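**Student:** Following is a predicted model, sequence given first.
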Amino acid sequence: MNLKSILTLAIAIASFSALAQTHNIKINGNIRMPKDTLVVTQLVASLNQFLIAKEQPNDENNIIVHSENVVTYLLLDEMKGIEKSKELKDDFFYKPYLVNCVKLNDDEYYLQISYIGINNQIPILRASFEIIAHKREDTFLFSSPFLKNTKNWKVETIQNTIFHYQTTINKSKIKEYIKLTSFFDKKLKIENKTISFYCCENIIALQKLIGVQYKLDYNGRAESIWSATDKDNKIIVLGNDNATFSHFDPHDLWHDRLSLVVSRNEVNKPVDEGCAYIYGGSWGLSWQEIFKAFKEQVANNRKTNWKAVKETRLNFKTNGFNNSADYIVNALLVKKIEKEKGFEGVWELLNVGPFETGNEKYYATLEKLTGITKQNYNEKIWELIDNE
């Protein structure tokens, strides 16, 4: 081995050693660990590996139980970067402490890990997580307690959508959801994708299912929706006053279905949002109601330059929430393109790539599909607004 290779290997080993030291679990001396010292050694070593591996892309993590991938992804997403303190500019300010270890059976242990930092001699709790450790020969794999927490829930299955709930479910709302889902899936040519909903009352119940006992980020927050995807399976946990699936947002449903065929980070966001507005309205309002507010608040000024609006965000409000004027413009373009070229044309514009300054790819594709150029864009958008 030459000197350069030796130095490279030494640096890699040193870097891994430093990383391992910053992630190593600290064990509270008062907790009851397993009596078998070999099991303790294996458990701690595996847990330290897991705390490093959690920073990897979820589908590259080989320290988790494969059969529980998608539900564990939800927990991993909450654990990523948990050591960091932006305020103190310290990437490893919060340290992991093992504060509870309970033997569930011969092969499983319940673990509770808290991330705590000390600033000016004052302890700060960043988060506390629950994890299940599964013994596999001389090592351990890990999972979220999600499946254990929901094993007695009721289930309603319609086509490729599975609804999990505790007491009752709104079947009429499910039918409405399935009908709109079928409409979107036909456009997106979605087949063999499974969606699993878990219906919770609020974010408190949602977090408990996943294994997030506490996280500073959500202090005082009442509602949220979390999701994760693994190949053809997607899980959505509703923590927005939706324990009976009494409501859903058609706008967000569009985004959910699109994410099953292409990452939303890869598509053009204004076009994606335009589709969601035209197909599902927003903030509980229909497309017609949203467009009326747009005309009254933004398109009432004939001096508005839509090409400039595309580069610099301009908002208007509905029900106290902000809406981007450019998203409404794109909704009008989606409507025009689909009428003239079918959804295949919309799909082409949707996939010009993420937003970029100048939007050259966007304008080139738009000209190809509609004849609208960067030069006549402002004039043509006003025509669309006036004719809507």
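**Tutor:** Alright, I've got the coordinates.
**Student:** Any idea how many residues pack against Ile52?
**Tutor:** Neighbour count for Ile52, taken as other C-beta atoms under 10 Å: 15. Using the backbone N, CA and C atoms, a C-beta is placed for each residue, glycine as well.
**Student:** So which residues of the stretch 251-388 of the chain form helices?
**Tutor:** Ranges of helices in the stretch 251-388 of the chain, per DSSP state H, counting those that start in this stretch, are 269-280, 287-297, 306-311, 325-341, 343-350, 360-370, 377-387.
**Student:** For Asn219, find the nearest of these.
**Tutor:** helix 269-280 (29.3 Å; C-beta to C-beta).
**Student:** pLDDT on that closest one, on average?
**Tutor:** Helix 269-280 comes out with an average pLDDT of 97.
**Student:** Same check on stretch 104-115?
**Tutor:** 97.
**Student:** Give me the pLDDT value at the residue positioned nearest the centre of the chain.
**Tutor:** In the chain, the residue lying closest to the centroid (C-alpha atoms, centre = their mean) is Ser227, at 5.2 Å. pLDDT, Ser227: 95.
**Student:** Give me the nearest residue to it, chain neighbours excluded.
**Tutor:** Once flanking residues are discounted, Ser227 sits nearest to Ile236: 4.5 Å by C-beta to C-beta, 6 or more residues apart in numbering.
**Student:** Surely that neighbour is within a strand?
**Tutor:** Yes - under DSSP: H, G, I helix; E, B strand; the rest coil, Ile236 sits within a strand.
**Student:** tell me the contacts of it?
**Tutor:** Ile195, Ser196, Phe197, Tyr198, Ile225, Trp226, Ser227, Asp256 (C-beta atoms under 8 Å, 6 or more residues apart in numbering).
**Student:** Please report the distance of it from Lys317.
**Tutor:** Going from Ile236 to Lys317 by C-beta to C-beta, to the nearest Å gives 28 Å.
**Student:** now Ala243
**Tutor:** 30 Å.
**Student:** And these two? Which one has more around it.
**Tutor:** Neighbour count, other C-beta under 10 Å: between Ala243 and Lys317, Ala243 has more, with 20 against 11.
**Student:** Please, which helix or strand holds the more buried one?
**Tutor:** For Ala243, there is no host helix or strand (DSSP states H and E).
**Student:** Could you tell me what pLDDT the model assigned to it?
**Tutor:** Confidence score, pLDDT, at Ala243: 98.
**Student:** contacting residues for the closest residue to it other than its chain neighbours?
**Tutor:** Computed as C-beta to C-beta, 6+ apart, the closest residue to Ala243 that is not its neighbour in sequence is Glu201, at 4.6 Å. By C-beta under 8 Å, 6+ apart, the contact set of Glu201 is Gly239, Asp241, Asn242, Ala243.
**Student:** try 10 Å this time
**Tutor:** Under the criterion of C-beta atoms under 10 Å, 6 or more residues apart in numbering, the contact partners of Glu201 comprise Gln166, Ala222, Glu223, Leu238, Gly239, Asn240, Asp241, Asn242, Ala243, Thr244.
**Student:** Excluding chain neighbours, give the residue nearest to the fourth one in space.
**Tutor:** The reference is to Leu238. Cys199 (5.2 Å).
**Student:** The one you found is in contact with Phe245, isn't it?
**Tutor:** Yes - using C-beta atoms under 10 Å, Cys199 is in contact with Phe245, at 5.2 Å.
**Student:** overlap in contacts of these two?
**Tutor:** Joint contacts of Cys199 and Phe245 (C-beta under 10 Å, 6+ apart) are Glu156, Phe163, His164, Tyr165, Thr168, Ile169, Asn170, Leu238.
**Student:** So which of those residues are in helices?
**Tutor:** Among those, no residue falls in helices (DSSP state H).
**Student:** In PyMOL, how would I select just the buried ones from the residues you listed?
**Tutor:** Selection of buried members from the shared contacts of Cys199 and Phe245 for PyMOL, criterion 16 or more other C-beta atoms under 10 Å:
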select buried, resi 163+164+165+169+170+238
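**Student:** Name the nearest of the shared contacts of Cys199 and Phe245 relative to Asn351.
**Tutor:** Relative to Asn351, and with distances defined as C-beta to C-beta, the nearest of the shared contacts of Cys199 and Phe245 is Leu238, at 29.3 Å.
**Student:** which one is Val262 nearest to, not counting chain neighbours?
**Tutor:** Val262 sits nearest to Asn351 (C-beta to C-beta, 6+ apart), 7.2 Å away.
**Student:** got a list of what that neighbour touches?
**Tutor:** Val262, Glu266, Val267, Asn268, Val271, Asp272, Lys361, Thr365.
**Student:** re the thing from before, can I have the buried ones of the contacts of Glu201 as a PyMOL selection?
**Tutor:** Selection of buried members from those for PyMOL, criterion 16+ other C-beta under 10 Å:
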select buried, resi 166+238+239+240+242+243+244
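**Student:** Save the contacts of Glu201 as JSON lines, and put in distance to Lys303 too.
**Tutor:** Formatted as JSON lines, the contacts of Glu201 follow (distance: C-beta to C-beta, whole Å):
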{"residue": "Gln166", "distance to Lys303": "55"}
{"residue": "Ala222", "distance to Lys303": "42"}
{"residue": "Glu223", "distance to Lys303": "39"}
{"residue": "Leu238", "distance to Lys303": "43"}
{"residue": "Gly239", "distance to Lys303": "44"}
{"residue": "Asn240", "distance to Lys303": "40"}
{"residue": "Asp241", "distance to Lys303": "42"}
{"residue": "Asn242", "distance to Lys303": "43"}
{"residue": "Ala243", "distance to Lys303": "49"}
{"residue": "Thr244", "distance to Lys303": "49"}
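**Student:** Tell me which residues are up against stretch 163-171.
**Tutor:** Contacts of stretch 163-171 from elsewhere in the structure, counted by C-beta under 10 Å, 6+ apart, are 150, 152-158, 174, 176-177, 195-201, 205, 209, 235, 237-238, 242-248.
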